[in-house]
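> Whatever this is, show me its structure:
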Amino acid sequence: MKMDQSNGYEYHAETFIRCRSKGTNGVGAASVRRWGKVLPPKATVLDLGCGTGDPVSRALQDEGLALYGIDASPSMIQLFRQNFPNAPAACEAAEDSSFFNRQFDAIIAWGLLFLLPEKKQEIVIRKMANALYTEGKLLFTAPSQKMKWEDAITALESISLGAQRYKELLEASGLLLIGEFEDEGGNHYYHSVRPALAQA
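Numbers count the residues shown, from 1 in each chain. Purely as a prediction, here's the structure:
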């Protein structure tokens, strides 16, 4: 039997879809929309762990950005494709995605990294960095504190490496952390850029 690459989210897809806000008014949508406004017109944006695309991908699409989606849950990527029929999408684990063979103007990973074991988080951060063009932007969420907790939907262990470790991983991957902030739901964001000198 094939291992579940979705960190328990395929089994609980129906619950997640029911709980996650639809449209562009869900938790985090306003913050993502503000981020999207600073990207170049029609920038290519990879939504890593996109789920159904609501509300994060929806907010980015509303800003006129060119979406790509990756999610390891077959049920959720099917809905993403229905919601965004013109957006290339792949049902893959983040750490193994074929989309990392190309480059993007921006990458977002909302509510994903801390679902992965520490080593996989490190791999994904490195791959995201390598998949950004010069001056490309990366935005991801994870608690600023180093901590472990039980995921509310899957009951599996979630792991935040903490702000200091994430900063170290970003710098080691050639990215510059340019900001941290929180949204109305208490989600902590890390905003980084790939500076021109970081790419040979």
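> CA only for contacts and neighbour counts going forward, please
Fine.
> pLDDT on stretch 80-93, on average?
Across stretch 80-93, the average pLDDT comes to 95.
> what does stretch 139-149 give?
pLDDT averaged over stretch 139-149 gives 96.
> For that stretch, measure first residue to last.
By CA to CA, to the nearest Å, the extent of stretch 139-149 from end to end equals 22 Å.
> Parallel or antiparallel, list what pairs with the top strand by length along the chain.
Ranked by residue count and defined by DSSP state E, the top strand of the chain is strand 132-141. Paired neighbours of strand 132-141 in the sheet (DSSP bridges): strand 104-109 (parallel), strand 188-193 (antiparallel).
> Go through the ones you listed and pick out the most buried.
strand 104-109 (a mean of 24; mean count of other CA atoms under 10 Å).
> returning to what we had before: now the strands paired with strand 132-141 as JSON lines including distance to residue 170?
Formatted as JSON lines, the strands paired with strand 132-141 follow (distance: least, CA to CA, whole Å):
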{"stretch": "strand 104-109", "distance to residue 170": "13"}
{"stretch": "strand 188-193", "distance to residue 170": "8"}
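> Output those as a markdown table; include the columns distance to residue 64 and mean pLDDT.
A markdown table is the format used below for these (distance: least, CA to CA, whole Å; pLDDT from 0 to 100):
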| stretch | distance to residue 64 | mean pLDDT |
| --- | --- | --- |
| strand 104-109 | 13 | 98 |
| strand 188-193 | 20 | 98 |
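> Ok, which of these comes nearest residue 135?
Distance to residue 135, taken as CA to CA, is lowest for strand 188-193 among the strands paired with strand 132-141, at 5.9 Å.
> for stretch 35-48, how far is the first residue from the last?
Using CA to CA, the end-to-end distance of stretch 35-48 comes to 16 Å.
> got the phi/psi numbers for residue 167?
Dihedral pair for residue 167: phi -60, psi -40, per degrees, to the nearest 10.
> Residue 33: what secondary structure?
Classification of residue 33 by DSSP: H, G, I helix; E, B strand; the rest coil places it in helix.
> what sits against it?
Applying CA atoms under 8 Å, 6 or more residues apart in numbering to residue 33 gives the contacts 59-60, 63.
> can you redo those residues as JSON lines with secondary structure and neighbour count?
Shown next, in JSON lines, are those (DSSP: H, G, I helix; E, B strand; the rest coil; neighbours: other CA atoms under 10 Å):
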{"residue": "59", "secondary structure": "helix", "neighbour count": "25"}
{"residue": "60", "secondary structure": "helix", "neighbour count": "25"}
{"residue": "63", "secondary structure": "coil", "neighbour count": "19"}
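> Next, format those residues as CSV and append distance to residue 134 and pLDDT.
CSV is the format used below for the contacts of residue 33 (distance: CA to CA, whole Å; pLDDT from 0 to 100):
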residue, distance to residue 134, pLDDT
59, 24, 94
60, 20, 96
63, 21, 95
